[in-house]
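>>> Okay, predicted coordinates and the sequence, questions at the end:
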Amino acid sequence: MTESGAPVCAHFRVRGHVQGVFYRASTETVALRLGLSGWVRNSENGDVELVACGGAQKLDELERWLWQGPAGARVSAVQRSAAPLQVYHGFEVRR
């Protein structure tokens with residue numbers, strides 16, 4: 001949530017060796033642990049893309065984790081941008 005108490009959403013694009021290393025499933029686990037909602041999916045270009053919504057501090061925690069990822073991942077970049085506020089129920093892996 002922002003200082004005003006309203007939740008925010010962020011779009012992330014993660015580059016590097018991030019497919020085939022359980023990056024999506026691990027992201028789902030971390031996002032749920034942080035109380036975030038949204039989705040994660042593989043992009044055709046080899047990136048992982050996600051939208052997460054919740055408190056700003058929790059989104060910052062998620063971003064720090066995205067730079068590390070699961071064992072086997074080699075992250076070269078994480079791009080973050082604001083996303084329109086949407087209501088998601090839980091956090092899902094999209095195919």
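Okay, I see it.
>>> downstream neighbour of whichever helix in the chain runs longest in the secondary structure list?
For the chain, the longest helix by residue count, based on DSSP state H, is helix 56-68. On the C-terminal side of helix 56-68, the closest following helix or strand by DSSP states H and E is strand 74-83.
>>> who touches the helix or strand that that next one is followed by?
Going down the chain from strand 74-83, the next helix or strand is strand 91-93, by DSSP H and E. Applying Cβ atoms under 8 Å, 6 or more residues apart in numbering, the external contacts of strand 91-93 come out as 24-25, 28, 31-32, 36-41, 52. (Glycine included, C-beta is placed from N, CA and C.)
>>> Sort out for me which of those residues are in helices.
Filtering these for helices - DSSP H - leaves 24-25, 28, 31-32.
>>> how about the residues you listed, which pair is most distant?
Pairwise distances among the ones in helices among the contacts of strand 91-93 were taken by Cβ to Cβ; the largest, 12.7 Å, belongs to 24 and 32.
>>> related to what we said a few turns ago, the ones in helices among the contacts of strand 91-93, buried ones only, as a ChimeraX selection?
Selecting only the buried entries of the ones in helices among the contacts of strand 91-93 in ChimeraX, with 16 or more other Cβ atoms under 10 Å as the criterion:
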select :24,28,31
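>>> of all the ones in helices among the contacts of strand 91-93, which comes closest to residue 8?
Minimum distance to residue 8 across the ones in helices among the contacts of strand 91-93 is 14.2 Å, recorded for residue 31 (Cβ to Cβ).
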